[in-house]
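Novice: just coords:
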Ligand code: GLY
Ligand code: MN
């Protein structure tokens, strides 16, 4: 964790932003897999991590804004806990690590919550165990918790966590360094004949050796058109493109989120190269356009335009490019958003509500297929860390449906598109920091992404 004053300052800013009342930030508990004592790996709630840095399960922070006092709430360990889990730091010691004023037992905390009434601010729960505990503490039925959560607290947390300071950027850089080593290790291997899970588990092991875990379930597949393919068991074959979307999470909880797509063989086929170059130039144009004040929705549309121009040049689309993008015809090939915020969550703060993080009163979510999946639309600000991840995909069931409906037939050359039914998908993703006047691609270690660099790396690799 960072030094205690960092968390103290963050909490002071939060209390100032919220202005009055009592703020409850609750951490995560252990989640059973198949019985209570057999649990999934513990992951602390990211907001608790941000304001306290503490990783123990079942903690909460209570911030009394009116009194200017902060409390760490939890249960001291019993002798039984010590017998099974070994000695653990007490609450006072944990509170000191994070410069928290005092400690409260969970029952003392619950008493204060019960008396707080509408002075209480809490965030919407996203796990069933949180819902059950909150409902019990607050006497609010589970189904009403979200509606009773504090909009001012959500907006205050989003405002603070959206701007990454130098320490946070350094953590993301650490995650990127490890992530680069995972990607490079996969890119330099013999891949044909390997199973996807062998590569994923090797990468997990490499990350663990550096003190990291995965920030999300990797997407490693030659079926890149399946946007979040997590099912494993695929055999990699010569001639296919492998899409690897894989990012490490540091010990402090910060994420990296990188995608590279490259041939299972040593070189791209002509068809693969043509499409790959379109995605790469769209990504480069989009990155070059990122700067403070520019709505990310505009950058998304710029990338969509570049993709559409490329597809038109290849004979897969036709007609007026601007019009095609405005009606969403390109979404057949690029059905997701250009990127999202990143930080302590790979999709940062998504548990607080995508619209609260990525939209505001001036930027409302579109209902158009494709654009509707854009997680971040509002103007970029200095200190934001976001992904830029355009892609082109050939999703057979979507292609068949649109073709049968003759959807956007003025813009899509269905006969040509049908030649690509078995192509798969391409995505190229980097993580950028918005600076004073533009942006910086994060990560000191270069992970090849030009066709020449990728073919050189695959060509030089000893397999
Ligand atoms: N890395 C997966 C995603 O951004 O959705
Ligand atoms: Mn991503």
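Specialist: That came through, no problem. Since this is a predicted model, take the numbers as computed values, not measurements. Ligands and ions are numbered 1, 2, ... in the order given.
Novice: Can you pull the residues of the protein lying near ligand 1?
Specialist: 216, 245, 257, 346 (C-beta under 6 Å from any ligand atom). All C-beta spots, glycine's among them, are computed from the backbone N, C-alpha and C.
Novice: Please tabulate those in JSON lines, including the columns neighbour count.
Specialist: Formatted as JSON lines, those follow (neighbours: other C-beta atoms under 10 Å):
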{"residue": "216", "neighbour count": "16"}
{"residue": "245", "neighbour count": "24"}
{"residue": "257", "neighbour count": "27"}
{"residue": "346", "neighbour count": "21"}
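Novice: Can you sort out which of the residues you listed also neighbour ligand 2?
Specialist: Among the residues of the chain next to ligand 1, the residues lying close to ligand 2 (C-beta under 5 Å from the ion) are residue 257.
Novice: Go through the residues of the chain next to ligand 1 and name the one nearest residue 263.
Specialist: Closest approach to residue 263 among the residues of the chain next to ligand 1 (C-beta to C-beta): residue 245, at 16.6 Å.
Novice: what's the spacing between residue 158 and residue 297?
Specialist: Going from residue 158 to residue 297 by C-beta to C-beta, to the nearest Å gives 17 Å.
Novice: Over to residue 251?
Specialist: 35 Å.
Novice: what residues does the protein put near ligand 2?
Specialist: Going by C-beta under 5 Å from the ion, the residues of the chain near ligand 2 are 257, 387.
Novice: rewinding a little: comparing residue 251 and residue 297, which shows the higher neighbour count?
Specialist: residue 297 (21 against 14; other C-beta atoms under 10 Å).
Novice: Endpoints of stretch 372-380, how far apart?
Specialist: This stretch, stretch 372-380, spans 19 Å end to end (C-alpha to C-alpha, to the nearest Å).
Novice: Residues touching it, excluding its own?
Specialist: Contacting residues not belonging to stretch 372-380 are listed as 290-297, 299-300, 335-341, 347, 350, 354, 357-360, 362-363, 365-366, 386, 434, 439 [C-beta atoms under 8 Å, 6 or more residues apart in numbering].
Novice: Could you tell me which of those belong to strands?
Specialist: 386, 434, 439 (DSSP state E).
Novice: coming back round to it: give me the subset of the residues of the chain next to ligand 1 lying in strands.
Specialist: Using DSSP E, the residues of the chain next to ligand 1 in strands are residue 245.
Novice: Closest one to residue 307 out of the residues of the chain next to ligand 1, please.
Specialist: Nearest to residue 307 out of the residues of the chain next to ligand 1 is residue 245 (C-beta to C-beta; 18.1 Å).
Novice: Report the contact partners of the closest one.
Specialist: Contacts for residue 245 (C-beta under 8 Å, 6+ apart) come out as 218-220, 257-259, 427, 429.
Novice: quick one: contacts for whatever residue of the stretch 51-200 of the chain ends up closest to ligand 1?
Specialist: As assessed by C-beta to the nearest ligand atom, ligand 1 sits closest to residue 179 within the stretch 51-200 of the chain, at 11.1 Å. The contact partners of residue 179, by C-beta under 8 Å, 6+ apart, come to 246-248, 256, 258, 443.
Novice: Mind telling me what element it is part of?
Specialist: Following DSSP states H and E, one finds residue 179 within helix 166-187.
Novice: for residue 211, same thing?
Specialist: Applying DSSP H and E, one finds residue 211 in no helix or strand.
Novice: correct me, but it touches residue 248?
Specialist: No: judged on C-beta atoms under 8 Å, residue 211 makes no contact with residue 248 at a distance of 9.5 Å.
Novice: Looking at those two, which is more packed in?
Specialist: Using other C-beta under 10 Å as the criterion, residue 211 and residue 248 rank with residue 248 on top: 29 against 12.
Novice: Just the pLDDT for that one.
Specialist: On the pLDDT scale, residue 248 is placed at 98.
Novice: what's around residue 396, how many residues?
Specialist: Residue 396: 13 neighbours (other C-beta under 10 Å).
Novice: Buried ones in stretch 355-367, by neighbour count?
Specialist: By neighbour count on 16 or more other C-beta atoms under 10 Å, the buried set for stretch 355-367 is 356-359, 363, 365.
Novice: and it, how far apart are its ends?
Specialist: OK, stretch 355-367 end separation, C-alpha to C-alpha: 13 Å.
Novice: How far off centre is it?
Specialist: 18 Å (C-alpha atoms, centre = their mean, to the nearest Å).
Novice: which outside residues touch it?
Specialist: With contact meaning C-beta under 8 Å, 6+ apart, stretch 355-367 is reached by 154-155, 158, 162, 295-297, 340-341, 348-350, 372, 374-379.
Novice: Separate out the buried members of these.
Specialist: Counted by 16+ other C-beta under 10 Å, the contacts of stretch 355-367 give 154-155, 158, 162, 296-297, 340-341, 348-350, 374-379 as buried.
Novice: Which is the succeeding secondary structure element to the helix or strand hosting residue 205?
Specialist: Element membership for residue 205, per DSSP H and E: helix 196-209. Going down the chain from helix 196-209, the next helix or strand is strand 213-214, by DSSP H and E.
Novice: just checking, what packs against that next one?
Specialist: Where contact means 3 or more C-beta pairs under 8 Å, 6 or more residues apart in numbering; DSSP states H and E, strand 213-214 is packed against helix 196-209, strand 248-249.
Novice: picking up where we left off before, could you list which of the buried ones among the contacts of stretch 355-367 belong to helices?
Specialist: Judged by DSSP state H, the buried ones among the contacts of stretch 355-367 include 154-155, 158, 162, 296-297 as members of helices.
Novice: got a list of what residue 342 touches?
Specialist: Applying C-beta under 8 Å, 6+ apart, the residues near residue 342 are 172, 255-257, 348, 385-387, 431.
Novice: export these to a markdown table and tack on pLDDT?
Specialist: Shown next, in a markdown table, are the contacts of residue 342 (pLDDT from 0 to 100):
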| residue | pLDDT |
| --- | --- |
| 172 | 98 |
| 255 | 98 |
| 256 | 98 |
| 257 | 98 |
| 348 | 98 |
| 385 | 98 |
| 386 | 98 |
| 387 | 98 |
| 431 | 98 |
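Novice: circling back: spatially nearest residue to the residue of the stretch 51-200 of the chain closest to ligand 1, not counting backbone neighbours?
Specialist: residue 256 (4.1 Å; C-beta to C-beta, 6 or more residues apart in numbering).
Novice: Which residue is the nearest non-sequential neighbour of the residue of the stretch 351-463 of the chain found nearest ligand 2?
Specialist: Residue of the stretch 351-463 of the chain nearest ligand 2, by C-beta to the ion: residue 387 (4.2 Å). Closest residue to residue 387 apart from its sequence neighbours, by C-beta to C-beta, 6+ apart: residue 339 at 3.9 Å.
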